[in-house]
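J.: sequence first, then the predicted structure, then my questions.
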Amino acid sequence: MQDSTTLADFLRSRRGRLTPDDVGIVSYGTRRVEGLRREEIARLAGVSVTYYTRLEQGQSHQASHSVIEALADALRLSDDERSYVHQLARPARTRSRRRLRAGTARPGTRQLVARMDDVAAMLIGSRTEVLAWNRLGHLLLAGHLDADAPDRPADRPNLTRMLFLDPHYRDLHPRWDVAAACAVATLRITASRDADDRELASLIGELAMRSEEFAALWAGHPVASHAYGTRHLRHPEVGELTLELETLDLADGTGHRLVTYTAAHGSPSDAALRLLWMTPSAGAEPGVGGRPEHEHHRREHRDEVRDPQGRRDERGRIGRHEEQAG
């Protein structure tokens with residue numbers, strides 16, 4: 001899936017986004033296209049124009065570490081992009097068989113996720129497939145799906161696929177364009193690392209065929225690891241939320257990641273999460289999974305879900321201007 005052609009595409013995309021002013025060189029002549037010329041990048045990196053041209057044409061393999069470092073400096077790459085271009089230029093030949101077969105969560109990890117009652121948590125695989133989630137994680141991100149969907153490989157939710165192809169999950173993101181760009185940039189890193197993963201290649205191909213938006217973003221070659229930061233969601237039950245995302249890589253060689261969403265203590269989003277936790281699960285019958293014994297507490301928490309100005313709409317949802325204020 002990843003080869004010298006991908007490296008060539010990446011180098012061209014990064015050369016195209018730079019201007020002479022960005023790198024402190026004097027422009028001369030008429031520029032027919034945006035970006036720096038090949039000879040300008042070659043001069044900045046201290047390599048021959050011929051060699052750099054071969055790299056951009058996908059005709060050179062296994063560039064040295066020093067050459068890649070020089071090109072990364074010349075192209076003003078970020079830390080994530082620098083690691084990415086090294087992976088493309090000198091890909092690992094093999095991957096752990098354990099990582100290739102890691103299609104299920106370990107019992108201890110599942111137990112950990114389930115016991116995190118006051119945190120929306122899930123375990124995802126390297127392809128962003130959901131392997132396990134706790135009650136709050138399920139209700140926050142995919143309450144329209146069965147709670148046990150991650151246990152069925154054929155029905156297992158995939159966060160990237162849902163972002164582009166599931167209207168319910170898409171509507172959860174009021175800043176969808178930002179979320180989509182982050183997802184594709186992260187997927188690029190995974191694709192460079194797991195170049196022999198056929199299921200990942202199939203996912204990328206499916207999304208490119210079924211979503212013009214994904215195809216356009218993928219062609220732009222974004223590269224960044226969005227493992228943490230503030231996320232804004234618009235939930236159909238509790239309204240606007242401002243949450244902190246954290247992603248932790250497990251040290252067991254599976255490539256699994258623990259993903260959590262938390263809210264600042266005492267904030268409107270914190271109250272919204274507590275209210276959501278007491279919401280019946282999808283398909284739950286009265287008295288089954290809905291914790292009816294807590295209904296009076298649920299009404300009290302609904303009263304606490306207020307916007308920053310202390311006002312509450314008739315449904316108890318947070319005012320939308322919280323997102324704008326964030």
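T.: Great, that's in hand. Just so you know, these numbers come straight off a predicted model, no measurement behind them.

J.: list the helices and strands the host helix or strand of S66 packs on?
T.: Using DSSP states H and E, S66 sits within helix 65-74. Here helix 65-74 touches helix 38-45, helix 79-89, going by 3 or more C-beta pairs under 8 Å, 6 or more residues apart in numbering; DSSP states H and E. For every residue, glycine as well, the C-beta is placed using N, CA and C.

J.: hey, C-alpha coordinates of that helix in PDB?
T.: Provided in PDB are the C-alpha atoms of helix 65-74 (Å, rounded to 0.1, in the frame of the first residue of the first chain):
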ATOM      1  CA  HIS A  65      18.600   8.900   7.200                       C
ATOM      2  CA  SER A  66      20.800  12.000   6.700                       C
ATOM      3  CA  VAL A  67      19.100  12.800   3.300                       C
ATOM      4  CA  ILE A  68      15.600  12.500   4.700                       C
ATOM      5  CA  GLU A  69      16.600  14.700   7.700                       C
ATOM      6  CA  ALA A  70      17.900  17.300   5.300                       C
ATOM      7  CA  LEU A  71      14.800  17.200   3.200                       C
ATOM      8  CA  ALA A  72      12.600  17.400   6.300                       C
ATOM      9  CA  ASP A  73      14.400  20.600   7.300                       C
ATOM     10  CA  ALA A  74      14.200  22.000   3.800                       C
END
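
J.: and it, what's buried?
T.: Within helix 65-74, the residues scored as buried using 16 or more other C-beta atoms under 10 Å are V67, I68, A70, L71, A72, A74.

J.: can you add mean pLDDT and mean neighbour count and give the helices and strands packed on helix 65-74 back as JSON lines?
T.: Converted to JSON lines, those look like this (pLDDT from 0 to 100; neighbours: other C-beta atoms under 10 Å):
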{"stretch": "helix 38-45", "mean pLDDT": "88", "mean neighbour count": "19"}
{"stretch": "helix 79-89", "mean pLDDT": "86", "mean neighbour count": "19"}
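
J.: out of these, nearest to P174?
T.: helix 79-89 (25.3 Å; C-beta to C-beta).

J.: that closest one vs helix 65-74, what angle?
T.: 140 degrees (axes from the mean of the first three to the mean of the last three C-alpha atoms, to 10 degrees).

J.: Y261 should be in a strand, yeah?
T.: Yes: assignment of Y261 by DSSP: H, G, I helix; E, B strand; the rest coil places it within a strand.

J.: measure it to A132 for me?
T.: Distance of Y261 to A132, computed by C-beta to C-beta, to the nearest Å: 15 Å.

J.: would you confirm that R234 contacts R170?
T.: No: between R234 and R170 there is no contact, the gap being 10.7 Å when judged by C-beta atoms under 8 Å.

J.: in stretch 22-33, what's buried?
T.: Buried, per 16+ other C-beta under 10 Å, within stretch 22-33: V23.

J.: got the end-to-end distance for it?
T.: Counting by C-alpha to C-alpha, to the nearest Å, you get 16 Å between the two ends of stretch 22-33.

J.: on that earlier part again, now do the helix holding S66 against helix 38-45, angle only.
T.: Using the same axes, to 10 degrees: helix 65-74 against helix 38-45 is 110 degrees.

J.: name the SS class of D118, please.
T.: coil.

J.: what's T53 in contact with, if anything?
T.: Neighbouring residues of T53 by C-beta atoms under 8 Å, 6 or more residues apart in numbering: R38, A42.

J.: what mean pLDDT does the longest helix along the chain have?
T.: Ordering each helix of the chain by length in residues (DSSP state H) puts helix 176-193 first. In this model, helix 176-193 carries a mean pLDDT of 93.

J.: if we can go back for a sec, turn the buried residues of helix 65-74 into a markdown table, including distance to L123.
T.: What follows is the buried residues of helix 65-74, written out as a markdown table (distance: C-beta to C-beta, whole Å):
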| residue | distance to L123 |
| --- | --- |
| V67 | 39 |
| I68 | 34 |
| A70 | 40 |
| L71 | 37 |
| A72 | 33 |
| A74 | 40 |
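
J.: can you lay out those residues as TSV showing pLDDT and distance to E34?
T.: Output for these, formatted as TSV (pLDDT from 0 to 100; distance: C-beta to C-beta, whole Å):
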residue	pLDDT	distance to E34
V67	89	25
I68	89	24
A70	90	23
L71	89	19
A72	90	20
A74	90	17
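
J.: so which of these is the closest to I189?
T.: The shortest gap between I189 and any of the buried residues of helix 65-74 belongs to A72, at 15.0 Å (C-beta to C-beta).

J.: excluding sequence neighbours, find me the nearest residue to that closest one.
T.: The shortest distance from A72 to any non-neighbouring residue, by C-beta to C-beta, 6 or more residues apart in numbering, is to R82 (4.5 Å).
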